[in-house]
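# predicted model follows, preceded by the sequence.
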Amino acid sequence: MRHSETRAVITGGTQGLGLAIAKRLAGEGAKSIVISGRNAKKGEAAAKAVSALGPQCIFVKAEMGNVDDPKRLIATALDKFGSVNALVNSAAETGRGTLLDTSLETWEKHFNTNTRGPFLTMQGVVQHLVETGRPGSIVNILSMVIYVGQSYLTAYSSSKAALANLTRNTANAFATKRIRCNGINVGWMDTPQEDQTQQAFHDRKPGWLKEVEAQQPMGQLVKPDQLAGLVAYMLSPESGVMTGALVDYDQNVAGRYPE
């Protein structure tokens, strides 16, 4: 029960990876969990499922791209539970666009959701921890595309790369306060959102996952339940002084070339 003292906020916690993390923390003894997302019906159902595992879990409807929502999310968590010592920024905008066809609106939408939103939730949690003198841990969900990214991920890869820098900057700035901040560069992952994206933007047909997974080195895409274990470890006291780390979580090694 390594999370018996954990009070967590998880953005994008209503499905996929965010929900898997919430359930993992619940199973490891977390006392209170706040999840956020865009869909109230889905969010309430997710909170009920997490609460059934033991902790108090509430859903806060929030659009991370709106400047006021990330602030309200943290304020609500603090008002409801009194303290927050764990934060996971999992919500993300994943639209497509190359350098030449990405509009300014699309660019700003990605940076508002993927970079500014986490900046504001981190700011709120760190401010609380500094004021109370308590330790805490933050995990930002990044992507392997921070290294380059496909041509059609111009805004997405750029916004995640900015968040990677913010992760390390925060880790360095608050290490002496015992506030740790780490990130995970996630490879191609099997989530409900990814299924929608593949069908909407890449003309994939239902059942595309089986074909794609057969082409991967380990015969699968990243699974949320697997990754949730790493996030739980990074948030927990077991990860000790680990901070400023950007962990590649992928079966394709960065920098590899065909034999």
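Structure received. Computed from a predicted structure; not experimentally measured. Numbers count the residues shown, from 1 in each chain.

# stretch 168-186 spans what distance, first to last residue?
In stretch 168-186, first residue to last residue: 17 Å (Cα to Cα, to the nearest Å).

# next one: that stretch to chain centre, how far?
15 Å (Cα atoms, centre = their mean, to the nearest Å).

# what's the answer for stretch 112-119, then?
Centre-to-centre, stretch 112-119 and its host chain are 11 Å apart (Cα atoms, centre = their mean).

# can I get the CA coordinates of it in PDB?
The C-alpha coordinates for stretch 112-119 follow below in PDB (Å, rounded to 0.1, in the frame of the first residue of the first chain):
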ATOM      1  CA  ASN A 112      -2.900  25.600 -24.600                       C
ATOM      2  CA  THR A 113      -3.900  22.000 -23.800                       C
ATOM      3  CA  ASN A 114      -0.600  20.200 -23.800                       C
ATOM      4  CA  THR A 115       1.700  22.800 -22.300                       C
ATOM      5  CA  ARG A 116      -0.200  25.700 -20.700                       C
ATOM      6  CA  GLY A 117      -2.700  23.400 -19.000                       C
ATOM      7  CA  PRO A 118       0.000  21.300 -17.300                       C
ATOM      8  CA  PHE A 119       1.900  24.500 -16.400                       C
END
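
# distance between the ends of stretch 197-211?
In terms of Cα to Cα, the two terminal residues of stretch 197-211 are separated by 16 Å.

# please tell me how far that stretch is from the chain's geometric centre.
How far stretch 197-211 lies from its chain's middle: 23 Å, per Cα atoms, centre = their mean.

# pLDDT of it, averaged?
Per-residue pLDDT values over stretch 197-211 give a mean of 91.

# repeat that for stretch 123-142.
The pLDDT scores in stretch 123-142 average 98.
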